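S.K.: A predicted structure for the sequence below; I have some questions about it.
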Amino acid sequence: MNLNGIFTAITTPFDGEGAVAVDRLRENIARYNRVPLSGYVAVGSTGESVLLTRAEVEQVFSAVREAAAPGRILVAGVGSESTPETISRSKAAANLGFDYVLVKTPSFYKSALNADALIEHYRRVADASKLPVVLYSIPQLTGVALEADLVARLAEHRNIIGIKESSGNVQRVGEIIAAAPEGFQTVVGSADTLYASLMLGAVGGVLALADCLPELCIELHRAVAADQTANARELNRRILPASKKIVRQMGIAGVKCAMDYRGYYGGPVRGPLLPLNAAQKREVEAVVNSLVATAAAD
């Protein structure tokens with residue numbers, strides 16, 4: 001059970017009519033197969049998971065499984081508002097040949113989602129899931145955070161093996177690593193905090209930035225693993241403005257625009273998300289151009 005390395009937070013491509021473009025998804029995966037990524041996370045936040053129907057979710061799972069190269073670790077985003085639906089999606093992911101399930105916190109009834117409710121939810125999912133469970137905390141979207149003490153309690157379950165911590169709070173990442181038992185794996189969901197989190201003991205990242213600039217993210221992870229401190233710091237310096245502009249400021253539309261510019265298929269976002277305007281597209285292209293030119297000069 002190994003989450004070490006860089007995973008792409010796979011985007012869900014849509015065609016001009018708004019349907020899932022399965023062929024385009026397979027083409028993207030085929031290109032990622034040529035890059036030394038550890039694996040792929042399908043139907044996460046960057047995959048517009050909450051905007052997909054259940055049938056589309058399984059359509060994406062199937063396409064990723066079919067297109068992924070042997071040896072790539074496959075993680076299925078299965079978190080839902082209800083415990084039974086989360087369990088059902090976990091079973092579907094297992095049947096389709098995934099390796100792990102990623103389970104975000106429920107959030108709609110957040111006033112009722114105290115520690116006892118979250119523990120009950122995750123333990124029931126972990127009991128029922130045939131696949132190891134990775135917790136998923138992204139409070140900037142859900143309003144529900146998994147704090148270190150709660151994570152440590154959940155980590156006692158034999159089938160809960162790690163967490164994707166996407167809050168962008170490095171202190172929280174460090175507290176989780178310190179509180180969790182040995183062998184529990186922490187990956188981060190923000191390229192902004194990848195370097196600092198790896199230095200604290202995180203094992204990898206599930207990154208939207210890796211959808212369009214996977215090589216740079218992999219290089220940073222390898223530099224830290226090899227104790228190449230100066231190189232890692234320089235790579236982090238280059239990554240930070242790209243992550244800020246493309247991911248944090250422009251969101252999924254920015255990621256998809258950068259993918260288009262780099263030869264992947266990004267395509268449109270699904271409503272109510274809005275596409276970038278012409279000025280925003282130029283900003284994204286300028287950031288990508290700068291990074292690619294710097295890489296070429298190296």
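M.R.: Looks like it came in fine. Numbers count the residues shown, from 1 in each chain.

S.K.: and for stretch 103-116, what's in contact with it?
M.R.: If you take CB atoms under 8 Å, 6 or more residues apart in numbering as the criterion, stretch 103-116 is touched by 45, 77-82, 86, 90, 118, 121-122, 125, 133-138, 141-146, 150, 153. Heads up, the C-betas are built off the backbone N, CA and C, glycines and all.

S.K.: how far does that stretch sit from its chain's centre?
M.R.: From the chain centre to the centre of stretch 103-116 is a distance of 20 Å (CA atoms, centre = their mean, to the nearest Å).

S.K.: that one: which residues count as buried?
M.R.: Neighbour counts over stretch 103-116 (16 or more other CB atoms under 10 Å) mark 103, 104, 105, 106, 107, 113 as buried.

S.K.: now do stretch 241-257
M.R.: Using 16+ other CB under 10 Å as the test for burial, stretch 241-257 gives 242-243, 245-248, 250-257.

S.K.: what is the mean pLDDT for stretch 269-280?
M.R.: Confidence over stretch 269-280, taken as the mean pLDDT, stands at 98.

S.K.: can you give me the helices for this structure?
M.R.: 22-32, 54-67, 83-95, 115-128, 139-142, 148-154, 170-179, 194-200, 214-225, 229-242, 251-261, 278-297 (DSSP state H).

S.K.: could you dump those helices to a markdown table with distance to residue 4?
M.R.: Putting the helices of the chain into a markdown table (distance: least, CB to CB, whole Å) gives the following:
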| stretch | distance to residue 4 |
| --- | --- |
| helix 22-32 | 17 |
| helix 54-67 | 20 |
| helix 83-95 | 21 |
| helix 115-128 | 21 |
| helix 139-142 | 25 |
| helix 148-154 | 19 |
| helix 170-179 | 14 |
| helix 194-200 | 10 |
| helix 214-225 | 8 |
| helix 229-242 | 16 |
| helix 251-261 | 23 |
| helix 278-297 | 24 |
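
S.K.: show me the one of these that comes nearest residue 5.
M.R.: Residue 5 sits nearest to helix 214-225 of all the helices of the chain, at 6.2 Å, using CB to CB.

S.K.: so residue 238 touches residue 291, yeah?
M.R.: Yes. Counting by CB atoms under 8 Å, residue 291 is a contact partner of residue 238 at 6.3 Å.

S.K.: and for the two, which residues touch both?
M.R.: With CB under 8 Å, 6+ apart, residue 238 and residue 291 have common neighbours residue 216.

S.K.: now do stretch 89-96: distance to the chain's middle.
M.R.: For stretch 89-96, the separation from the chain centroid amounts to 18 Å (computed by CA atoms, centre = their mean).

S.K.: contact partners of it?
M.R.: Taking CB under 8 Å, 6+ apart as the rule, stretch 89-96 contacts 54, 57-58, 61-62, 65, 76, 78, 80, 101, 103, 125, 128-131, 133.

S.K.: fine by me, we can end here.
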